[in-house]
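Student: Mind looking at a prediction? Sequence and model below.
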Amino acid sequence: MLPIVTIVGKPNVGKSTLFNRIVGKRLAVTSPVPGVTRDRNYATADWNGVYFVLVDTGGFVPYPDEPLLKGVKRQVELAIAESDSIIFVVAHNALSGMDCEIAELLRKSNKPTLLAVNKVDNQTRELSSAEFHSLGFTQLLPISALHGRGVGDLLDQVVSELPFSPEPETKETLRIAVIGKPNVGKSSLVNALLGEERVLVDEVPGTTRDSIDTEFEHDGRKMVLIDTAGLRRKARIKDGVEYYTVLRSMRSVQRCDVAVVMIEAPLGVTRQDKRIISLPFEFGKGMVLVVNKIDLVPSEDDTLEQVKSELEFLDYFPLIPTSCTEKKGIFDVVKLAILVHEGQIRTLTQTELTSFLTSTLSHYPPPSKGKRRPVIKKITQVGVKPPTFLLKVTGRDFLTENYLRYVRNSLRTNFRFVGTPIVLRTSEERRRIAR
């Protein structure tokens with residue numbers, strides 16, 4: 001288990017910028033607007049061969065009035081409790097009573113704490129940062145997270161107090177992205193699976209701003225859950241932060257193995273749902289369709305039938321009803337995601353494919369087109385994620401899309417490719433001329 005280092009501070013002092021700087025990637029959304037980060041955001045980082053888990057937290061407000069800020073405060077307190085070391089970030093020109101309140105909370109936690117005075121871009125600002133000694137921490141380091149100034153010294157100090165942790169094993173991990181419209185229940189599903197409030201849940205749409213990666217283990221199998229921000233129509237994206245957040249969610253779909261697409265049972269399938277459902281398909285990802293809040297409809301069977309009729313073009317993707325509040329169907333989602341992923345990475349032998357082609361052609365050979373009939377000579381598998389096959393065909397131009405659909409469905413039925421697109425490519429098999 002890697003040690004955990006948590007970044008804590010009041011809103012808009014540069015915590016996410018420092019997180020991105022240390023991790024070396026732009027994993028957290030940053031903006032001059034306070035309160036962009038709301039959940040805990042985790043990433044593995046290393047410095048001079050020492051590996052640790054770095055946690056970005058939302059801006060801490062000691063005495064919040066709004067329910068959303070109360071949720072952020074609770075998230076930060078949970079992060080502090082699980083930490084081995086803390087980086088307390090303040091802004092060089094903004095020592096406030098709020099900083100003092102946070103300092104008091106950290107002292108009570110008895111966790112090793114480094115005070116990082118951020119936005120110190122020059123020598124003059126470095127001299128003015130001395131006032132932060134009044135917070136009572138022995139280790140004060142002036143930094144500029146944006147430009148990298150002093151961050152190396154900060155990390156030297158961080159890792160000097162951590163136990164040595166070698167690079168973790170890089171076994172392939174199943175990555176599951178949970179996507180859907182705002183307020184459909186994505187964070188509730190993730191929290192129900194984890195058994196803790198890892199992601200902020202609120203009735204206000206758009207509570208999740210970042211795509212939150214969380215390691216998770218089910219029946220001995222390691223996986224990563226990605227809780228994405230709600231995907232909205234372009235006309236409803238109001239500001240730059242929300243635009244970047246939606247873009248981050250789309251990138252999360254690109255880097256996942258299986259997408260869990262959530263639909264609200266009381267609302268049925270909307271145009272926006274159909275657009276979101278098309279994303280995993282476009283990127284060649286596996287998909288599980290979840291009809292959430294099924295406890296809020298009069299008839300579960302009628303609702304599922306209605307969803308199926310709206311999405312009949314996706315009949316090979318598994319569909320499951322859930323209720324996060326009643327914990328109904330929650331772990332079935334994971335089991336189906338594992339089943340879908342197994343299909344995504346399945347590799348068939350040439351013997352299996354040759355036998356399949358012989359049986360398929362004998363049952364239903366390609367129809368003729370005019371006076372020409374295409375002849376499929378061979379099928380080979382050329383890729384996975386998604387499963388991709390190449391057909392060698394004489395008369396390729398006469399092979400119809402309907403027949404390719406038949407081959408695709410036969411592959412799906414014979415080899416249990418559940419919930420994954422299947423890509424069929426064709427190439428012309430040239431006749432050999434005898435010499």
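Tutor: Okay, I see it. Residues are numbered from 1 along each chain as shown.
Student: Every contact and neighbour count from this point should use C-alpha atoms.
Tutor: Will do.
Student: which residues touch the nearest residue to residue 385 once chain neighbours are set aside?
Tutor: On the basis of C-alpha to C-alpha, 6 or more residues apart in numbering, the spatially nearest residue to residue 385 that is not a chain neighbour turns out to be residue 344, at 4.8 Å. Contact criterion C-alpha atoms under 8 Å, 6 or more residues apart in numbering gives 286, 384, 385, 386, 387, 417, 420 as the residues in contact with residue 344.
Student: 10 Å instead, please
Tutor: Contacts here follow C-alpha atoms under 10 Å, 6 or more residues apart in numbering; on that basis residue 344 touches 257-258, 284-286, 338, 383-388, 417-422.
Student: Check residue 295 too.
Tutor: 265, 266, 321, 322, 323, 324, 325, 326, 328.
Student: And those, which of them are buried?
Tutor: 265, 321, 322, 323, 324 (16 or more other C-alpha atoms under 10 Å).
Student: Among these, which has the minimum pLDDT value?
Tutor: Note: of those, the lowest pLDDT belongs to residue 324, at 87.
Student: Surely that residue and residue 330 touch.
Tutor: Yes. Look at residue 324 against residue 330 with C-alpha atoms under 10 Å: they come within range, at 6.9 Å.
Student: any residues in contact with both of these two?
Tutor: In terms of C-alpha under 10 Å, 6+ apart, residue 324 and residue 330 are both contacted by the residues 189, 190, 192, 193, 292.
Student: Greatest separation within those residues: which pair is it?
Tutor: Taking C-alpha to C-alpha as the measure, the shared contacts of residue 324 and residue 330 reach their widest spread between 193 and 292, a distance of 14.1 Å.
Student: what about the two, which has more around it?
Tutor: Each of residue 193 and residue 292 had its neighbours counted (other C-alpha atoms under 10 Å), and the higher figure belongs to residue 292 (26 against 20).
Student: so that one touches residue 329, yeah?
Tutor: Yes. At 9.4 Å, residue 292 counts as touching residue 329 under the criterion of C-alpha under 10 Å.
Student: what touches both of those two?
Tutor: Both residue 292 and residue 329 are contacted by 320, 321, 322, 323, under the criterion C-alpha under 10 Å, 6+ apart.
Student: Chain neighbours aside, what residue packs nearest to the second one?
Tutor: By that I understand residue 321. residue 291 (4.7 Å).
Student: Which element, helix or strand, includes the one you found?
Tutor: Here residue 291 sits within strand 286-292, counting by DSSP states H and E.
Student: what helices or strands is that strand leaning on?
Tutor: On a contact count with 3 or more C-alpha pairs under 10 Å, 6 or more residues apart in numbering; DSSP states H and E, strand 286-292 meets strand 174-180, strand 258-264, helix 271-282, helix 300-310, strand 319-321, helix 330-344.
Student: weakest of these by average pLDDT?
Tutor: Confidence, taken as mean pLDDT, is least for helix 271-282 of the helices and strands packed on strand 286-292 (a mean of 84).
Student: So which bits of that helix are buried?
Tutor: By neighbour count, with 16+ other C-alpha under 10 Å as the criterion, the buried positions of helix 271-282 are 273, 276, 277, 279, 280, 281.
Student: what secondary structure does residue 18 sit in?
Tutor: When the structure is split into helix, strand and coil by DSSP: H, G, I helix; E, B strand; the rest coil, residue 18 lands in helix.
Student: whoops, residue 222 was the one
Tutor: Taking three-state DSSP, the label given to residue 222 is strand.
Student: now do residue 365
Tutor: Taking three-state DSSP as the rule, one finds residue 365 in the coil state.
Student: Same check on residue 87?
Tutor: Here residue 87 is recorded as strand under three-state DSSP.
Student: Return the distance of it relative to residue 407.
Tutor: In this structure, residue 87 lies at 57 Å from residue 407, with C-alpha to C-alpha, to the nearest Å as the measure.
Student: ok, the two, which is more surrounded?
Tutor: In terms of neighbours (other C-alpha under 10 Å), residue 87 is the more surrounded of residue 87 and residue 407; the figures are 22 against 19.
Student: didn't the more buried one look like it was pressed against residue 6?
Tutor: Yes. With the criterion set as C-alpha under 10 Å, residue 87 and residue 6 qualify as a contacting pair; they are 6.1 Å apart.
Student: who touches both of these two?
Tutor: 15, 54, 55, 113.
Student: can you tell me which of those residues are in strands?
Tutor: Of these, the ones assigned to strands by DSSP state E are 54, 55, 113.
Student: Take the helices and strands packed on strand 286-292 and lay them out in JSON lines including distance to residue 222.
Tutor: Formatted as JSON lines, the entries for the helices and strands packed on strand 286-292 read as follows, by distance: least, C-alpha to C-alpha, whole Å:
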{"stretch": "strand 174-180", "distance to residue 222": "7"}
{"stretch": "strand 258-264", "distance to residue 222": "14"}
{"stretch": "helix 271-282", "distance to residue 222": "22"}
{"stretch": "helix 300-310", "distance to residue 222": "31"}
{"stretch": "strand 319-321", "distance to residue 222": "22"}
{"stretch": "helix 330-344", "distance to residue 222": "11"}
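Student: Residue 45 is nearest to which of those?
Tutor: Nearest of the helices and strands packed on strand 286-292 to residue 45, taken as C-alpha to C-alpha: strand 174-180 at 18.8 Å.
Student: Given that closest one, what are its sheet partners and their directions?
Tutor: Strands flanking strand 174-180 in the sheet, each with its direction: strand 221-227 (parallel), strand 258-264 (parallel) (DSSP bridges).
Student: deepest of those, which one?
Tutor: Using mean count of other C-alpha atoms under 10 Å, the stretch among these with the largest mean neighbour count is strand 258-264, at a mean of 26.
Student: CA atoms of that strand as CSV?
Tutor: Output in CSV follows, covering the C-alpha atoms of strand 258-264 (Å, rounded to 0.1, in the frame of the first residue of the first chain):
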residue,chain,number,x,y,z
VAL,A,258,-16.0,-0.4,-20.3
ALA,A,259,-18.5,2.5,-20.0
VAL,A,260,-21.4,2.3,-17.6
VAL,A,261,-24.1,4.5,-19.1
MET,A,262,-26.8,5.6,-16.7
ILE,A,263,-30.3,6.5,-17.6
GLU,A,264,-33.0,7.9,-15.3
